[in-house]
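Participant: Quick one, fold the following:
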Amino acid sequence: MAKKGSKHSISSVKHGATKVLQEFKVPGLIILGMVGGNMAGKLIDKVIKPDPNATGLKNAKNLIRPVIQISAGLAGRVLLKNENLKLIATGVAVGGVFSGVKVLLKKDLLAGLTGVNGLGETDQIQQVFREPLSLAIEPYTPDLPRLPEAQIAALPVETESDITGTDLGEYEEVKEISFV
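Facilitator: This next block holds a predicted model:
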């Protein structure tokens, strides 16, 4: 076991931190590629101006964005030599897949990530609230028969002087309880 403050423990901590950074680097670069690919896809949409309601052969204009993104991502993955750039290119291709799913299935898989720049669509967010409803309920006043005054006067009413405890009778105080 290494002593506290020795060079061995410091180098193992540095080595562990390097491994952790390497593990976070892969998904981070892929996400960076997705964000960059989606931002480039939005620029493509501004240039081409696809019709989101188009069907049939007119829908081909909507497929240009995903085809370009997937092609660029795959070309980058094959042609680039740097592993970090290959991971970014993979993210661009994944962004193209998400764009293709959105065009073909009309579902935005990244809709919940509108807070992250470049992911999800922000221009088609629908309001999910409605105007408040008036839920005023009329008070319930039952139509009960009235009791005659003679019956009301005959009902016994307790007062504070009636509650003295003298009418409890005799009782035995229990100090210990044993269970067998």
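Participant: This protein: strands as residue ranges?
Facilitator: Using DSSP state E, no strands are found in the chain.
Participant: List the residue ranges of it that fall below the pLDDT cut-off.
Facilitator: For the chain, applying pLDDT under 70 flags the ranges 1-14, 52, 54-58, 110-133, 150-155, 157-158, 160-172, 174, 180.
Participant: Could you tell me the end-to-end distance of stretch 47-66?
Facilitator: 14 Å (Cα to Cα, to the nearest Å).
Participant: Stretch 46-63 now?
Facilitator: End-to-end for stretch 46-63, by Cα to Cα: 14 Å.
Participant: again with stretch 138-147
Facilitator: Stretch 138-147 end-to-end distance (Cα to Cα) = 26 Å.
Participant: tell me which residues of it are tucked away?
Facilitator: For stretch 138-147, burial by neighbour count (16 or more other Cβ atoms under 10 Å) applies to no residue. All C-beta atoms are positioned from the backbone trio N, CA, C, and that covers glycine.
Participant: Likewise for stretch 39-46?
Facilitator: Buried positions in stretch 39-46, judged by neighbour count with 16+ other Cβ under 10 Å: 40-41, 44.
Participant: Show me what that stretch is in contact with.
Facilitator: Outside stretch 39-46, the residues that touch it by Cβ atoms under 8 Å, 6 or more residues apart in numbering are 64-66, 68-69, 72, 92, 95-96, 99, 117-118.
Participant: Relative to Leu109, which of those is nearest.
Facilitator: Distance ranking of the contacts of stretch 39-46 against Leu109, using Cβ to Cβ, places Ser99 first at 9.7 Å.
Participant: Show the contacting residues for that closest one.
Facilitator: 38, 41, 65-66, 69.
Participant: For it, which non-adjacent residue is spatially closest?
Facilitator: Excluding the flanking residues, the one nearest Ser99 by Cβ to Cβ, 6 or more residues apart in numbering is Pro66, at 4.1 Å.
Participant: these two touch, right, that neighbour and Gly96?
Facilitator: Yes - checked against Cβ atoms under 8 Å, the pair Pro66 and Gly96 is within contact range at 4.7 Å.
Participant: ok, the residue nearest to Ser99 to Lys19 distance?
Facilitator: Pro66 is 36 Å from Lys19, where distance means Cβ to Cβ, to the nearest Å.
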